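In: Next input, structure requested:
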Amino acid sequence: MSDKGGSIKSRLIRGGIWAMAVRVVGILSSFAVNALLARLLPVSEMGAYFLGLSLAGMMVLIGQFGLPQTVVRLVAESIGHGKFGEARYLILKVLGYCLAICSVVALMFYGFAGEWITGTILHSTTLQELTGMLSLMIVLMTLQGLIAEVFRGFHDVRFASIYGGVATTFFMMILFGVAKEIHGHTDLQHAFDLNVLALCLTLTLSGISLWLKQRVLGELKRADSARILSISWPICIINLSVFVASQGDLWVVGAFLPHQDAAIYGAVLRLVMILMTTQALVVASTQSTIAEMHAKGEKKRIETLVRGLTFWLCIPAGVILLTYAIWGDALLMLIFGKYYGAGYWPLLLLCSGQFIGMLFGPVETVLIMTGLEKPLMWLIVSTGLLGIVSATLMVKHFGLVGVSASWAFMTIMQGIGAWWMVVSKVGIKCNFKWTPIPIRQLKKVS
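Out: Here you go, the predicted structure:
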């Protein structure tokens, strides 16, 4: 048992360090990208840019069809049982499914869905003219996200973190910096052009890395691939519902308020993402390990791991929340410009809701990695609909503050519901618990 615990300990420490380092680079690059964009684009086009990225993100989730989390779970389980040839087969099968599905989604978006959503819901003629570019982005982002999660199935947090978005953000920082230096300004078309170029660079590098990685698994061995889609479709619904929980508020703002307000709210969400980085670190470091432990029936070790890590990573999240409470408006104006300081109260409300939700631990990840994706799906769908209805009613009377208050409340309710599911169905707790050295404790749990 000590060897096994030591192996997991070593893997988690190494993965955690890589995830933290890459996240820091990603945060700094994201700061630079958003700061450059806020100075390259007019405020109204900045709002359209945020809405366009959000729209592409929703289409990506449909195109991925829950396959990224599915491949993490199946590959981690296969490797945990020493079935390396089957793991390689499953990777290639999932990549084929994803390419087919995302191509259909992109064609539908280009053919009719994109024009209808951008015109009827978001009221943006600018985005209507860019549906072709957004369709290309959907394919690139879909494949890129899947490849990153394949590395996570290998327990390779390093490449999963780098190719999971940080590399693209880094390339965008360089490209937007060059545009600022040469032209001093740009338009929405050019901004999306540079985004596509950054995605192409990242996809090329990640594709080469994956090809080299999967070859070491040895000869292909056929595996039961019939359950791939049966696992993935509920996860797809979950991902879309999570998207509603993280981006639906921006859509409500885009549908009912001017695009200048969407620019402010989009800037606020960029700072909220920094707070959520600590929760993402727990998921990035433990996702495949939870799946492997569950396959071996080691529930107590899962609980020890997630509760300790949740406690320690909520400390920096609390520091970030306190920083926003004191200097939130100043940070918004420093990064984006004076106009964006009006996002202080939405920032504080959203971050407060996210922080309270973090205290319950990575409950959604635990449910997915333990085969309880369908109950989680219904929870997130119901709370997401509640959030949409509440925000739609509140935006008419309270503007951005009403939307952010509705979303904060929904986040807390979702965390409570998922925590109860883990306790009642998995038989463990995920909420924060003080422990001196959480990873070391894994060696003491049988």
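
In: Am I right that A267 is in contact with L332?
Out: Yes: under the contact definition of Cβ atoms under 8 Å, A267 touches L332, with a separation of 6.1 Å. C-beta coordinates here come from the backbone N, C-alpha and C atoms, glycine included.

In: what sits in contact with each of those two?
Out: Common contact partners of A267 and L332 (Cβ atoms under 8 Å, 6 or more residues apart in numbering): Y340, G343.

In: more crowded one of those two?
Out: Set A267 next to L332 and count neighbours by other Cβ atoms under 10 Å: A267 wins out with 29 against 25.

In: Which phi and psi values does F154 adopt?
Out: phi -80, psi 0 (degrees, to the nearest 10).

In: does E303 belong to a helix or a strand, and which?
Out: Taking DSSP states H and E as the definition, E303 sits inside helix 299-336.

In: same deal with P68?
Out: Applying DSSP H and E as the criterion places P68 in helix 67-80.

In: Tell me where the model's unsure across the stretch 1-150 of the chain.
Out: Applying pLDDT under 70 to the stretch 1-150 of the chain flags residues 1-20, 80.

In: Tell me where the stretch 101-250 of the chain has strands.
Out: Under the criterion DSSP state E, counting those that start in this stretch, strands are not mapped anywhere in the stretch 101-250 of the chain.

In: Nearest the geometric middle of the protein, what residue?
Out: Nearest to the centroid of the C-alpha atoms of the chain, with distances taken as Cα atoms, centre = their mean, sits A280, at 7.8 Å.

In: How many neighbouring residues does the residue found closest to it once you drop the neighbours it is linked to in the chain have?
Out: The shortest distance from A280 to any residue that is not its chain neighbour, by Cβ to Cβ, 6 or more residues apart in numbering, is 7.2 Å, and that residue is R23. Each residue near R23 was counted by other Cβ under 10 Å, and the total is 19.

In: now swap in M358 and tell me
Out: M358 has 24 neighbouring residues, counting by other Cβ under 10 Å.

In: any idea how far E149 is from it?
Out: From M358 over to E149 the distance is 22 Å, taken as Cβ to Cβ, to the nearest Å.

In: do Q279 as well
Out: Separation of Q279 from E149 (Cβ to Cβ): 17 Å.

In: Could you do V60 as well?
Out: Shown here: V60 relative to E149, a distance of 13 Å by Cβ to Cβ.

In: Next: S246.
Out: Distance of S246 to E149, given as Cβ to Cβ: 18 Å.

In: Then H397?
Out: In this structure, H397 lies at 41 Å from E149, with Cβ to Cβ as the measure.

In: Settle it for me: which of the two has more neighbours?
Out: Set H397 next to E149 and count neighbours by other Cβ under 10 Å: E149 wins out with 23 against 8.
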